[in-house]
Every structure is written in C-alpha cells, then in structure tokens.
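Participant: pasted the sequence and its predicted model underneath.
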Amino acid sequence: MPGGAVVIASTLVAGYFVGRPANRWLWILILCVPAVLGGVLMSFLPETNKKGHLAGMYLIYTIAPSVILTFSWVTANVAGHTKRAVAHALITASLSVGGIIGPQTFQAKDAPQYIPGKITVFASQSAAIMVAVILRLYYGWQNSRKEKTAIAQETIKDIEWLNFTDKENHTFRYQY
C-alpha cells in the first residue's frame, strides 16, 4: 500500500503542476530524480540498512506518472495522424519490452541482494533524465530554427486539419 500511495501522490502533484506551459520535460526529470535516488539506495546501501532499502523501494514508485507525461508529450510534439499513431505504438512497444526485460534482470543467482537488477533500475532512470533533457534541448533548437526560417504557410486556412507532419507544417511549434 505505501508504494501505491507514492504513485497516487506523485501523480496528483505532477498532474497539478504539469499544466503550466513548457514543463513536461522538467516534470519527467523531477519524477525520475527520486527514482534514481531509490535505485542508488537499494544498490549501494549495506544489507543491514533495511529502512534505507525500503525507502529506496518506495522512491522508485515516483516514476509511474512519467509514463503518462511521456504519452502526452508525444501527442503534443508529433503532428500527422499516421506519424502520431506510429509514435504511440513505438512507446507502447518499448514499455512492453521493458516490462519483459526488467524482471529478467533480477535473477535467482543474484539473490538476496540482486545488485544487477537494482543497478539496472538506477541506470534506466538516469537514462530517462538524460533523454528528457536532450529532447528539451532538441525541441528548443527546432523551434528556434523554425522561427528563423518561417515560411508564409501561416496564411493557409485551417492548416491544423490538413494532416501535415510536424516537419511539413512550418507553423508547428514543439512543446516542452
């Protein structure tokens, strides 16, 4: 139950604050930091520190709302029906593959400490932070490029309904 409480609390907090402009990437980062800390606690604390390991396990649950934010970020930054459907399918497939591979990192031969699995948790959450920051920088760079090379496409009536992709629609701006 405490893990579920952490998921609910982090989802409510993130849901409240993420409505502000241009901060999905930041909230993904904020939600990953406690998960990284949890992975560190579980991986590197001595086995005798049961409370620290338990706290680490609960901290990992803060990652759950980032899945929702990832889907909403993709929806905001991919234009064109087919391209958006493929992007969502790739994210769903990636989550499924992670759901299969993740438990396999906790092997019986590594019991009772399961260090490789715990380090995998730490590493994957750290990678999520890096990806969020890189995407934020990339989207900002793309927006500035589009501003510099603005084309007179803005005069097209109802351009958002023409199923242009984010690359084809020069008025499209990435959200972060």
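Facilitator: Okay, I see it. Numbers count the residues shown, from 1 in each chain.
Participant: after the helix or strand harbouring Ala9, which helix or strand is next? Please name it.
Facilitator: Ala9 is part of helix 2-17 when elements are defined by DSSP states H and E. Helices and strands here follow DSSP H and E; after helix 2-17, the next one along the chain is helix 24-44.
Participant: helices or strands up against that next one?
Facilitator: helix 2-17, helix 50-60, helix 64-77, helix 115-148 (3 or more Cβ pairs under 8 Å, 6 or more residues apart in numbering; DSSP states H and E). The way it works is simple: take the backbone N, C-alpha and C, and place the C-beta from them, glycine included.
Participant: rewinding a little: what are the contacting residues of the helix holding Ala9?
Facilitator: Applying Cβ atoms under 8 Å, 6 or more residues apart in numbering, the contact partners of helix 2-17 are 23, 27, 30-31, 57-59, 61-62, 64-66, 68-69.
Participant: in CSV, list the helices and strands packed on helix 24-44 along with mean pLDDT.
Facilitator: As requested, these are exported to CSV (pLDDT from 0 to 100):
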stretch, mean pLDDT
helix 2-17, 93
helix 50-60, 95
helix 64-77, 93
helix 115-148, 93
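Participant: now could you export just the CA positions of stretch 59-78 as PDB?
Facilitator: Only the C-alpha atoms of stretch 59-78 are listed here, as PDB (Å, rounded to 0.1, in the frame of the first residue of the first chain):
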ATOM      1  CA  LEU A  59      11.100   6.200  -4.000                       C
ATOM      2  CA  ILE A  60      11.200   4.200  -7.200                       C
ATOM      3  CA  TYR A  61       7.400   4.400  -7.500                       C
ATOM      4  CA  THR A  62       7.600   8.100  -8.300                       C
ATOM      5  CA  ILE A  63       8.400   7.100 -11.900                       C
ATOM      6  CA  ALA A  64       4.900   6.000 -12.600                       C
ATOM      7  CA  PRO A  65       3.400   9.400 -13.700                       C
ATOM      8  CA  SER A  66       6.200   9.900 -16.100                       C
ATOM      9  CA  VAL A  67       4.600   7.300 -18.400                       C
ATOM     10  CA  ILE A  68       1.500   9.500 -18.700                       C
ATOM     11  CA  LEU A  69       3.700  12.600 -19.300                       C
ATOM     12  CA  THR A  70       5.600  10.800 -22.000                       C
ATOM     13  CA  PHE A  71       2.400   9.900 -23.900                       C
ATOM     14  CA  SER A  72       1.100  13.500 -23.600                       C
ATOM     15  CA  TRP A  73       4.500  14.900 -24.600                       C
ATOM     16  CA  VAL A  74       4.400  12.700 -27.800                       C
ATOM     17  CA  THR A  75       0.900  13.800 -28.500                       C
ATOM     18  CA  ALA A  76       1.900  17.400 -28.300                       C
ATOM     19  CA  ASN A  77       5.100  17.000 -30.400                       C
ATOM     20  CA  VAL A  78       4.100  14.700 -33.200                       C
END
